[in-house]
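# the sequence isn't on hand, but the structure is:
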């Protein structure tokens with residue numbers, strides 16, 4: 001498979017115009033094999049695949065805060081090349097005894113990755129600091145026995161994943177090597193109980209993840225016109241624990257369903273993100289060693305759906321509350337970054353008359369981000385929509401309205417669409433479509449946190465009228 005991507009963007013920062021271009025070609029070739037074999041009372045499944053990918057990319061922009069780091073040029077051009085060869089072979093043996101099942105998986109995973117990057121123009125006359133020539137290899141044999149019990153609405157799953165992980169990272173620019181060779185134990189369990197219309201799900205998972213290419217590099221890699229990353233040349237570890245509990249109710253006879261969920265995540269890592277930000281908006285993001293760096297997150301969500309048969313009416317609602325915290329370093333000061341968010345939405349549709357359906361919906365998203373040493377930043381977005389659809393014999397009429405309000409954005413946004421279709425017979429129809437009836441030319445979106453703000457300016461198609469005729473012979 002070959003896929004070419006090209007993106008052109010125009011940015012303004014501190015009243016400076018900055019054009020940016022990204023060119024990327026993705027090439028992939030591979031093969032997969034899957035086979036199930038039954039021998040007596042046991043089932044054996046064989047899976048394997050082999051794949052090679054190659055992705056060259058060029059990022060270029062003119063002007064902006066990062067261009068000021070150059071001694072001679074205003075235009076920044078960065079070339080990167082990523083290559084990957086990965087192979088996998090695995091088999092599983094399944095045995096059943098009444099309500100008990102043992103599904104044991106044996107696998108071997110191999111990956112070889114390379115990352116090569118260099119600036120076409122010499123940033124700060126320091127080619128070594130801005131270049132990368134890295135290779136990464138891992139070999140992982142793994143065994144995952146899955147124990148299952150299923151009877152009378154109760155299901156219990158337990159899987160102790162056991163692997164030996166051998167990982168090697170080589171830097172040809174700095175002539176250095178980092179290695180990890182260790183056994184890893186990652187248990188997971190899941191309990192489900194169903195009683196009449198209720199289902200209770202509880203799960204627990206532990207994971208030990210290691211950084212891989214392109215998550216680490218010693219030379220600077222520019223992400224866009226204002227952001228550059230530099231990560232340490234070591235294989236970093238993140239241990240995470242996740243607990244989830246979900247209670248669901250589903251009653252098909254009354255067309256009523258509801259679900260409530262709580263999820264807790266905790267992670268411990270030996271690294272921390274470090275943000276170096278100056279007055280021109282340059283953000284150099286580094287990853288530094290930081291022992292016992294802990295973070296947590298809590299999520300509570302619920303949704304509700306009821307189709308009221310007597311009124312032919314749909315009612316839907318959803319709410320999600322989330323809070324998370326992590327340690328970060330901003331301009332050499334360690335802070336705890338706390339993010340809280342609340343999102344909810346509601347929708348109702350019903351027939352005004354038999355052929356005329358009215359739908360209205362409302363979405364609200366609120367986010368607050370704060371650091372200990374800085375003033376908190378928050379933003380809110382609200383979307384209210386009204387749709388009308390009319391269907392009668394050969395006629396179909398649709399009217400869409402959407403109103404958007406966003407914190408920090410002055411141009412509140414109303415978008416209108418309209419369409420009408422006439423169906424002559426089963427093979428022929430004509431449709432008239434009008435989009436962006438108010439002829440809005442742009443829409444601005446904003447994102448904020450305590451040390452960074454961004455406004456994205458979208459150019460829209462002007463008012464568009466279109467007639468479509470379709471027929472079948």
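Received the coordinates, thanks. Just so it is clear, the model here is predicted, and its values are computed rather than measured. Numbers count the residues shown, from 1 in each chain.
# C-alpha from now on. contacts and neighbour counts both.
Noted.
# any idea how far the closest residue to residue 378 other than its chain neighbours is from residue 66?
Nearest non-adjacent residue to residue 378, counting by C-alpha to C-alpha, 6 or more residues apart in numbering: residue 368, 4.1 Å away. In this view, residue 368 and residue 66 are 29 Å apart by C-alpha to C-alpha, to the nearest Å.
# now do the longest strand seen in the chain, average pLDDT.
If you go by DSSP state E, the chain has its longest strand at strand 283-308. Mean per-residue pLDDT for strand 283-308: 88.
# also stretch 327-341?
Mean pLDDT, computed over stretch 327-341, is 84.
# show me what that stretch is in contact with.
Contact with stretch 327-341 is made by 272-277, 293-295, 320-326, 365-373, as judged by C-alpha atoms under 8 Å, 6 or more residues apart in numbering.
# redo that, cut-off 6 Å
Here stretch 327-341 makes contact (C-alpha atoms under 6 Å, 6 or more residues apart in numbering) with 273-276, 321-326, 366-372.
# take these and keep only those in strands.
Mapping the contacts of stretch 327-341 onto strands (DSSP E) picks out 273-276, 321-326, 366-370.
# tell me the spatial nearest neighbour of residue 8, not counting adjacent residues.
Closest residue in space to residue 8, ignoring its immediate chain neighbours: residue 21 at 4.7 Å, by C-alpha to C-alpha, 6+ apart.
# next one: residue 11
Spatial nearest neighbour of residue 11, excluding adjacent residues (C-alpha to C-alpha, 6+ apart): residue 18 at 5.0 Å.
# what do you get for residue 181?
Of all residues not flanking residue 181 in the chain, residue 166 sits nearest, at 4.5 Å (C-alpha to C-alpha, 6+ apart).
# residues near that neighbour, how many?
Neighbourhood size, residue 166 [other C-alpha atoms under 10 Å]: 16.
# what about the strands in the stretch 1-150 of the chain?
Under the criterion DSSP state E, counting those that start in this stretch, strands of the stretch 1-150 of the chain are mapped to 2-13, 16-39, 42-62, 75-97, 100-119, 132-151.
# go on, the stretch 201-350 of the chain?
Under the criterion DSSP E, counting those that start in this stretch, strands of the stretch 201-350 of the chain are mapped to 221-224, 227-230, 237-251, 256-277, 283-308, 313-330, 333-353.
# rewinding a little: which one's more surrounded, residue 368 and residue 66?
When neighbours are counted by other C-alpha under 10 Å, residue 368 and residue 66 differ, and residue 66 comes out ahead with 24 against 18.
# how much space separates that one from residue 215?
For residue 66 relative to residue 215 (C-alpha to C-alpha), the value is 21 Å.
# surely residue 5 is in contact with residue 24?
Yes: with contacts counted by C-alpha atoms under 6 Å, residue 5 reaches residue 24, the gap being 5.1 Å.
# neighbour count: those two, which is higher?
Taking residue 5 and residue 24 together and counting by other C-alpha under 10 Å, residue 24 has the greater number of neighbours (18 against 10).
# could you give the bridge partners of the more buried one?
Beta-bridge partners for residue 24, by DSSP bridges, are residue 5, residue 57.
# much appreciated, bye for now.
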